[in-house]
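J.: what shape does this take:
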Amino acid sequence: MTTKIALLFGLLLSTQLGFAAPEKPVIKDIPGKNMQRTIKKMMDVQNDEVVRIVFYGQSITKQIVKETDFTEQFRAKFPNKKIEFVDAAIGGWQSQLLVKTKENEVPFFNADLIIFHCLKGLDGTYEETIRYMRSTTSAEILLWNDHLDQRGYVQEIQDRETMIASLAEKYDCGLVDVTSRWRIYLEKNNLNQKDLLRDYIHLNNQGKKFLVDSLLTAFVCDDALCADDAAEKSNALLEVIAGDLRTFEFNGIQLDAVYETSENSTPIVAKIDGQSPAELFTSYALKSPPLIPGFFQPITARVACETCPQEEIWTMTVSNVDLNAATFDFEINGNISGFEGRGNTKHDFVSNSKKIILSSKDWNTAQMNHKLSALKNGDELLFESAPLFDKNYTANSNQAIVVSALANKQHSVSIDVPPSISIKYFIVHKPWLYRELN
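T.: Now for the predicted structure:
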């Protein structure tokens, strides 16, 4: 009764103020659309490749991975497939921050499917992140729009509902229309949005169950969707090449080798355009900006470089912490490069070798005095530059990344495979957005 009175009051108020009441919700997603390549792979028991699913976003996304039985239900749905779930979500990291952090995160995903959701993004940053994923990976992407927070079906949620549906259409992403499903569920069960929340926006157990059930609707096999233009384009992003070849050319951004499981770890020996993967500028990336000690957010939204990085552990040593002014000094050292310079959060920083670049606009100093952890003098914040390729054929896997993060163009490869390794086939990855990346 309370919900019906509120709806009537809202209708009366909107009429008096001269704007239209929200239309009755209608679910606008198509279950399985733009998801069929991943779904087919999970259903193919003859294919022993691992399916890798990455969750990217902020705390609501992390709730799905950490606080629900989504992964268990998902595995029960595809019981004969080895599935790896990766939680890459960062609590409180809205779209304007994720758009910066993406370059330290997405290159390491190597995903079949990226499940993506975060807040804000009406400023274009939501699309920029999706475009980046579509330009640098072959992954399929599943989006979902917002549940209602304590404000209800406010204009921001309506605008994001429209934006996310539009981006799903533009970039051939899967979509779960959570907003409409949520509104229908509330009305059907005579509930208020607060009944599904534990605080202003985070989900309680009932809300989490509803969101899990909604997301699982996307994973259905549909033969008609398998034959549509978007599915054909998605399938074309992965090209299989015979495993007995030792020299060949390919067009794409990544090359994998699928092999019979090795008894021992064996080095991968390959040349791409005349260079080993380790010699290529794009083969290494700075990974995951350093976290605030004891806290779940990074101290900076982005760590960049100008010169070719290498595999290295970096230490940011903090000094002269001023919690009131939200500033501090720091010193950067690499376990290989050694001392790389000193800086302050008020100014842009470029290390001596230009392997580390930090912008004064990217610091997350607002959280350095968070109740969970206060940054203090002498704190050592660790981060790393890591390879985007595998060095070995390993005994606990049957698939290796020979090279990745290439420019999207033609490449030549020569590979020396030892007698102990039997390559079944190679997989070439291409980005959904066909363009050169260099």
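
J.: CA atoms for contacts and neighbours, from now on please.
T.: OK.

J.: mean confidence for stretch 277-288?
T.: When pLDDT is averaged over stretch 277-288, the result is 94.

J.: right, and the helix or strand after the host helix or strand of I39?
T.: Secondary structure assignment for I39, by DSSP states H and E: helix 36-43. Sequence-wise, the next helix or strand beyond helix 36-43 is strand 51-57, with elements assigned using DSSP H and E.

J.: only alpha carbons, please: show the helix or strand following that next one as PDB.
T.: Stepping forward along the backbone from strand 51-57, the first helix or strand reached (DSSP H and E) is helix 59-66. Coordinates of the C-alpha atoms in helix 59-66 are reproduced here as PDB (Å, rounded to 0.1, in the frame of the first residue of the first chain):
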ATOM      1  CA  SER A  59      32.100  -1.800  -5.000                       C
ATOM      2  CA  ILE A  60      28.700  -3.000  -6.400                       C
ATOM      3  CA  THR A  61      30.700  -5.200  -8.900                       C
ATOM      4  CA  LYS A  62      32.900  -6.400  -6.100                       C
ATOM      5  CA  GLN A  63      29.800  -7.400  -4.100                       C
ATOM      6  CA  ILE A  64      28.800  -9.800  -6.900                       C
ATOM      7  CA  VAL A  65      32.200 -11.600  -6.700                       C
ATOM      8  CA  LYS A  66      32.900 -11.500  -3.000                       C
END
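
J.: surely A89 is within a strand?
T.: No. According to DSSP: H, G, I helix; E, B strand; the rest coil, the state of A89 is coil, so it is not within a strand.

J.: contacts for stretch 73-93, please.
T.: Contact partners of stretch 73-93, identified using Cα atoms under 8 Å, 6 or more residues apart in numbering, comprise 42-45, 48-62, 65, 71, 105, 118, 216, 296-297.

J.: now the helix holding I39: buried residues?
T.: Of the residues in helix 36-43, those scored as buried under the neighbour-count criterion (16 or more other Cα atoms under 10 Å) are Q36, R37, T38, I39, K40, K41, M42.

J.: could you work out the most separated pair of these?
T.: Considering Cα to Cα, no two members of the buried residues of helix 36-43 lie farther apart than Q36 and M42, which are separated by 9.7 Å.

J.: out of the buried residues of helix 36-43, which is nearest to Q155?
T.: Ranked by distance to Q155 (Cα to Cα), these are led by Q36 at 33.0 Å.

J.: distance of the spatially closest residue to the closest one that is not a sequence neighbour from A236?
T.: Nearest residue to Q36 in three dimensions, chain neighbours excluded: C226, at 5.8 Å (Cα to Cα, 6 or more residues apart in numbering). If you measure C226 against A236 using Cα to Cα, to the nearest Å, the figure is 12 Å.

J.: these two: which has the busier surroundings?
T.: Neighbour tally, C226 and A236, criterion other Cα atoms under 10 Å: the higher count belongs to C226, 21 against 17.

J.: check the more buried one and give its pLDDT.
T.: According to the model's per-residue confidence, C226 sits at a pLDDT of 87.

J.: which parts of the stretch 101-250 of the chain are strands?
T.: Taking DSSP state E, counting those that start in this stretch as the test, the strands found in the stretch 101-250 of the chain are 113-117, 140-144, 174-176, 238-242, 247-252.

J.: so which of these comes closest to L372?
T.: In this view, the strands of the stretch 101-250 of the chain are compared for proximity to L372 by Cα to Cα, and strand 113-117 is the closest at 25.0 Å.

J.: for I336, see how far away D228 is.
T.: For D228, the distance to I336 under the criterion Cα to Cα works out to 51 Å.

J.: now do the helices in the stretch 151-300 of the chain.
T.: Across the stretch 151-300 of the chain, reading from the start of the chain, the helices by DSSP state H, counting those that start in this stretch fall at 155-170, 178-188, 205-216, 223-226, 229-235.

J.: reformat the ones you listed into CSV and put distance to N145 next to each item.
T.: Rendered in CSV, the data for those read as follows (distance: least, Cα to Cα, whole Å):
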stretch, distance to N145
helix 155-170, 6
helix 178-188, 6
helix 205-216, 11
helix 223-226, 22
helix 229-235, 21
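
J.: out of those helices, which gets nearest to T261?
T.: Comparison of the helices of the stretch 151-300 of the chain against T261 by Cα to Cα identifies helix 229-235 as nearest, at 25.7 Å.

J.: quick one: the closest one to chain centroid distance?
T.: 21 Å (Cα atoms, centre = their mean, to the nearest Å).

J.: what do you get for stretch 65-83?
T.: Offset of stretch 65-83 from its chain centre (Cα atoms, centre = their mean): 18 Å.

J.: and that stretch, what's buried?
T.: V65, T68, F70, T71, F78, K81, I83.

J.: likewise stretch 389-398?
T.: F389, D390, K391, Y393, T394, N398.

J.: if we can go back for a sec, to P419, which of the helices of the stretch 151-300 of the chain lies closest?
T.: Of all the helices of the stretch 151-300 of the chain, helix 229-235 comes closest under Cα to Cα, at 31.9 Å.

J.: what's next to that closest one, contact-wise?
T.: Outside of helix 229-235, the residues within contact range by Cα under 8 Å, 6+ apart are N34, M35, Q36, R37, S138, E140, D172, L225, C226, W432.
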